[in-house]
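# below are the sequence and a predicted model; questions follow.
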Amino acid sequence: MLKKLKKLYYKDNFDYSTGQVNPYEFHPTFYFILKAFTVIDEPIPKWCHFSVVVMVIDASIGVFFAGVSAVHGAQLLDIPTTTEAGIYGIVLAYKLLILSCTQLDKAHYHCFLRIMREDFRYVCAEGAKYRERFFENQLGTWKVSLFSVIFTSGIAVGMIGFAMMSLFFYLLTRTPGDDSKRPLLVPFWFGDVDFGKSPTYEIALYFSNYCFAAYAYNYIFMIQTQVVWVRQIATKADLVIWAIQDLLQDIQPATSPEEKVHYASIIRYRMREIVSQHHSMYILMEAYAGVYKKLLMFEQKLCGPVVCLTAYCTAEKLEVGELNAILLLLCIATVTLVFIPCYLCTFLGLKVKSVCDACWNISFWNVGSEIRPYLVLIMQRSLRPLPLQAPGFEEISIQTFSSKMANAYSLFNMLRQTNI
């Protein structure tokens with residue numbers, strides 16, 4: 001079994017060294033999740049539409065109950081319950097935002113998939129000399145996306161597992177007639193409904209576990225698609241860099257008018273390919289920004305409060321001898337899953353700027369002046385910031401992530417020292 005998993009991880013059973021390679025076959029989990037969320041530009045099975053509707057319904061119900069519970073906790077001045085319910089409300093509202101952006105921005109997903117297929121076709125045909133390096137990048141993308149799926153799935157499994165373990169521990173330690181209630185790790189409240197009695201308890205337990213699994217499924221879509229998308233833009237930048245490095249290959253200072261015309265025609269042809277690939281890279285980047293800018297801005301504003309409040313609730317529970325492992329896992333997951341986009345955007349910004357360095361490193365002084373305006377345009381375009389900015393927001397980067405986590409820690413300390 002371990003050998004099979006290793007072969008799957010390294011794609012030892014997949015031959016991408018010859019022939020035309022289908023990107024959907026190379027990235028099967030990516031293809032499945034795109035189809036499941038109805039954003040692929042192919043016929044979509046009916047069950048995919050049903051699953052999206054079900055996720056919208058369960059997230060809406062979850063936001064409603066979280067809001068009601070948070071208001072009730074505020075009325076009782078129960079700060080841990082209020083903050084815990086508020087956290088779940090924010091998280092599930094983010095899920096609704098992801099689903100809405102998915103359905104409203106399908107054209108951007110279709111653009112991404114079209115360019116991705118074009119890139120695979122290009123390296124398997126005209127750009128065959130870049131094939132090995134291109135698929136090394138794609139193999140790295142496959143490994144990172146597979147890790148993101150496993151990590152996000154593990155968070156959901158851990159949350160459900162802790163919920164089941166708490167119930168199992170209750171069954172082992174309770175004694176008949178002690179009037180203890182079965183543990184429900186999610187704070188449900190709705191009027192006079194007693195969530196500790198059957199069958200209400202079982203319904204609430206199953207619903208909360210389903211919400212954990214559905215949210216992880218939804219976030220797997222977001223984070224895996226983002227990983228593949230950003231790394232595809234970076235691979236596109238690599239194609240541009242490799243083409244720039246080969247621009248003047250076998251080009252020498254002309255010694256006759258015939259050589260000058262011959263070399264000029266070769267350079268124009270290669271330059272046309274470079275400009276086309278560079279323009280396609282920015283189309284892909286604009287499509288990425290069209291989908292993810294709203295989501296990344298939402299994360300930037302609310303990741304700090306969510307991390308702070310989950311840590312605060314966990315600390316408050318520990319003081320009274322309780323361990324809310326679900327909130328602890330949610331805190332770790334929030335930090336990790338917010339760090340990944342910040343790292344990806346930092347990586348993407350550096351990769352795009354490296355196109356400028358590639359232009360500078362070629363011996364452009366050995367040829368005529370016809371290519372220099374194009375090189376200057378490419379360099380100037382590459383130095384522009386990523387299209388992931390909006391008024392009132394900071395750039396998406398590791399530096400911004402560090403700043404938000406520092407603010408969250410400061411707010412956490414303030415809440416702990418305040419006698420509420």
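Right, received. Where do you want to start?
# need the helices for the stretch 201-350 of the chain, in chain order.
Applying DSSP state H, counting those that start in this stretch to the stretch 201-350 of the chain gives helices spanning 257-319, 325-361.
# which other helices and strands contact the last one?
Based on contacts counted as 3 or more C-beta pairs under 8 Å, 6 or more residues apart in numbering; DSSP states H and E, the elements that helix 325-361 packs against are helix 79-104, helix 131-173, helix 200-245, helix 257-319, helix 372-382, helix 398-417. Quick note: C-beta positions are derived from backbone N, CA and C, even for glycine.
# what's the closest of the helices of the stretch 201-350 of the chain to G62?
Evaluated over these, closeness to G62 peaks at helix 325-361, with 13.7 Å, by C-beta to C-beta.
# got the angle for the closest one vs helix 398-417?
Angle of helix 325-361 versus helix 398-417, following axes from the mean of the first three to the mean of the last three C-alpha atoms, to 10 degrees, is 160 degrees.
# ok, then the element right after the worst-scoring helix or strand of the chain on mean pLDDT?
When the helices and strands of the chain are compared on mean pLDDT, DSSP states H and E, helix 2-10 comes out lowest with a mean of 80. Next along the chain after helix 2-10, taking DSSP states H and E as the criterion, comes helix 23-26.
# tell me the pLDDT at D178?
Note for D178: predicted pLDDT of 67.
# low-confidence ranges, the stretch 301-420 of the chain, go.
367-368, 419-420 (pLDDT under 70).
# rerun that using 90 as the cut-off
301-306, 309-334, 336-338, 359-379, 381-396, 411-420 (pLDDT under 90).
# do you know how far the most centrally placed residue in the chain is from N22?
With distances taken as C-alpha atoms, centre = their mean, I223 lies nearest the centre of the chain, 2.4 Å away. According to C-beta to C-beta, to the nearest Å, I223 stands 23 Å off from N22.
# how about V306?
In terms of C-beta to C-beta, V306 sits 39 Å off from N22.
# same deal with A406?
Applying C-beta to C-beta, the value for A406 to N22 is 45 Å.
# now do L350
Taking C-beta to C-beta, one finds L350 at 30 Å from N22.
# ok, the two, which is more surrounded?
N22 (14 against 11; other C-beta atoms under 10 Å).
# tell me the phi and psi of the more buried one?
Dihedral angles of N22 (phi, psi; degrees, to the nearest 10) stand at phi -80, psi 120.
# any idea how far the closest residue in space to it that isn't next to it in sequence is from F134?
Sequence neighbours aside, F120 is the residue nearest to N22 in space, at 7.3 Å (criterion: C-beta to C-beta, 6 or more residues apart in numbering). Noted for F120: a distance of 8 Å to F134, by C-beta to C-beta.
# and these two? Which one has more around it.
Each of F120 and F134 has its neighbours counted (other C-beta under 10 Å); F134 has more, 23 against 20.
# report pLDDT for the more buried one.
At F134, the model reports a pLDDT of 95.
# which residue is the nearest non-sequential neighbour of it?
F134 sits nearest to V123 (C-beta to C-beta, 6+ apart), 4.4 Å away.
# before we move on, what about Y288?
Spatial nearest neighbour of Y288, chain neighbours left out: W229 (5.2 Å); criterion: C-beta to C-beta, 6+ apart.
# contacts only, for the one you found.
Shown in contact with W229 (C-beta atoms under 8 Å, 6 or more residues apart in numbering): F112, L284, Y288, Y292.
# state the number of residues packed around the second one.
With neighbours defined by other C-beta under 10 Å, the count for L284 comes to 23.
# roughly how far apart are it and D41?
15 Å.
# ok, now the third one?
Counting by C-beta to C-beta, the gap from Y288 to D41 is 16 Å.
# on that earlier part again, among the helices and strands packed on helix 325-361, which is nearest K35?
Closest of the helices and strands packed on helix 325-361 to K35 is helix 200-245, at 10.6 Å (criterion: C-beta to C-beta).
# make TSV out of the contacts of W229 and add pLDDT and distance to V376.
TSV is the format used below for the contacts of W229 (pLDDT from 0 to 100; distance: C-beta to C-beta, whole Å):
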residue	pLDDT	distance to V376
F112	95	29
L284	94	23
Y288	94	26
Y292	92	30
